[in-house]
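S.K.: A structural model of the following input is requested.
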Amino acid sequence: MLKKIAITGPESTGKSTLTRQLAEHYHTVWVKEYAREYLDELHRPYIFEDILKIAKEQKKREIDLASKASQLLFIDTELIVTKIWSEVKFNKCAPWIINSIEKQDYMIYLLMDIDLPWEYDSQREHPEMREYLFNLYKNELKDRKLNFEIISGNNQQRLQNAIEIVNSYL
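M.R.: Okay, the predicted model is just below:
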């Protein structure tokens, strides 16, 4: 049976790097963050409706890649990320996203800590809100009573911590 692991957390915390590394370590596929691709091709400021399009395509790609995965599928940036992004940016979230979060079936969420330095790129918006955003994620996971572990340390420590955690759930 396929076990899915979500990598979640604020921007610039190494989600994409860790997701790729875990997939390589476990010899499986991973679901890349679709938002970055979508926004790179947008050529205008994004609007509230774009977030729902991103969320639906992210979920579609997860479903499509599930058939190509070995025992594990690693997901970079799942729908809780989209929900928090939408609520912070627009003070609201599309009902489809909220309802779809209820149906997510991840074995565990790996919540990325904010202990790595924030790095600028044109899609990152909130360097001054890292602690606030991290707490939003942590509280969302706690309130939903989801299995999660916080991943801290430098890049190599993060990978080792994540591997130990994943192994403990297998």
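S.K.: Contact partners for the spatially most central residue of the chain?
M.R.: Nearest residue to the geometric centre of the chain (CA atoms, centre = their mean): T77, 2.1 Å. Shown in contact with T77 (CB atoms under 8 Å, 6 or more residues apart in numbering): 7-8, 15-16, 33-35, 58. For every residue, glycine as well, the C-beta is placed using N, CA and C.
S.K.: now, among the residues you listed, which is nearest to V88?
M.R.: Nearest to V88 among these: A35, at 13.7 Å, using CB to CB.
S.K.: what about that closest one, how many neighbours?
M.R.: 22 (other CB atoms under 10 Å).
S.K.: what's near enough to touch it?
M.R.: With CB under 8 Å, 6+ apart, A35 has these contacts: 54, 58, 77, 82, 85, 123.
S.K.: For F134, see how far away it is.
M.R.: 19 Å (CB to CB, to the nearest Å).
S.K.: At which residues are the helices of the chain located?
M.R.: Using DSSP state H, the helices of the chain run over residues 15-25, 34-40, 48-66, 79-90, 95-103, 130-143, 155-169.
S.K.: Tabulate those (a markdown table), appending mean pLDDT and distance to L73.
M.R.: Output for the helices of the chain, formatted as a markdown table (pLDDT from 0 to 100; distance: least, CB to CB, whole Å):
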| stretch | mean pLDDT | distance to L73 |
| --- | --- | --- |
| helix 15-25 | 96 | 8 |
| helix 34-40 | 94 | 15 |
| helix 48-66 | 97 | 6 |
| helix 79-90 | 97 | 15 |
| helix 95-103 | 97 | 16 |
| helix 130-143 | 97 | 19 |
| helix 155-169 | 95 | 12 |
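S.K.: closest to W118 out of those?
M.R.: helix 130-143 (6.3 Å).
S.K.: Narrow the contacts of A35 to just the buried residues.
M.R.: 54, 58, 77, 82, 85 (16 or more other CB atoms under 10 Å).
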